[in-house]
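*Asks:* curious how this folds, go ahead:
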Amino acid sequence: MDSSPFNTAAPTPENMARNRLFKGSGWRLGWDPNQQHFVALVGGETWALELTHEEWQAFVKGLQRLQQDMEALGSQLMAEESMSLEQAFPSLTLIASGNATAWSLYLQLHQGRRGEGCWPAAVVPELSQAIAQWPDLELESD
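*Replies:* Coordinates of the predicted model:
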């Protein structure tokens, strides 16, 4: 029996109300809305960071914006060219580095405890897809 408080499952409305850990090849996303301070977890193969609700919101918005911007700007580059784009928020910074079809994602936390992590380019598409399929993403508007 698994002693972890998180259960691995695909994100669905039915299982989002409980503690969950969603994983793929090289990424992890956790959610526990019952926690008072750290409600989310993001991680890679060998690292993880707990996020506040504000940090989670910034992470999701930033990832979505970077994905759109990398696709839009990538069409203007030659195949051998690469780029780095940044999404900065008071709580965290995300940096995408690579080209339109393959880019790594770097995360740095700024408030309270500090931390950083990085997902390699091979992991980012699946991580992005998991975020896009996250049920009931209630993002506050800017």
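*Asks:* assign Ala72 to helix, strand or coil.
*Replies:* With DSSP: H, G, I helix; E, B strand; the rest coil as the basis, Ala72 sits in helix.
*Asks:* okay, it and Gly117: tell me how far apart.
*Replies:* According to CB to CB, to the nearest Å, Ala72 and Gly117 sit 26 Å apart. C-beta here means a position set from N, CA and C on the backbone, and glycine is covered the same way.
*Asks:* cool, Ala130 as well?
*Replies:* 16 Å.
*Asks:* just to revisit the earlier point, ok, Ala72 and Gly117, which is more surrounded?
*Replies:* Taking neighbours as other CB atoms under 10 Å, Ala72 and Gly117 compare with Gly117 leading, 16 against 10.
*Asks:* buried residues in stretch 24-40, which are they?
*Replies:* Gly26, Trp27, Arg28, Leu29, Gly30, Trp31, Asp32, Phe38, Val39, Ala40 (16 or more other CB atoms under 10 Å).
*Asks:* ok, now stretch 58-75?
*Replies:* So stretch 58-75, judged by 16+ other CB under 10 Å, has buried residues Ala58, Phe59, Val60, Lys61, Gly62, Leu63, Gln64, Leu66, Gln67, Asp69, Met70, Gly74.
*Asks:* shouldn't Trp27 be in contact with Ser128?
*Replies:* No. Between Trp27 and Ser128 there is no contact under CB atoms under 8 Å: 9.6 Å.
*Asks:* OK, contacts around Gly24?
*Replies:* Val123, Glu126, Leu127, Ala130 (CB atoms under 8 Å, 6 or more residues apart in numbering).
*Asks:* which residue is the nearest non-sequential neighbour of Ser97?
*Replies:* Closest residue to Ser97 apart from its sequence neighbours, by CB to CB, 6 or more residues apart in numbering: Ser84 at 4.4 Å.
*Asks:* pretty sure that neighbour is in a strand, no?
*Replies:* Yes. Counting by three-state DSSP, Ser84 is located in a strand.
*Asks:* quick check: the gap between Gly98 and Cys118.
*Replies:* Counting by CB to CB - Gly98 and Cys118 are separated by 12 Å.
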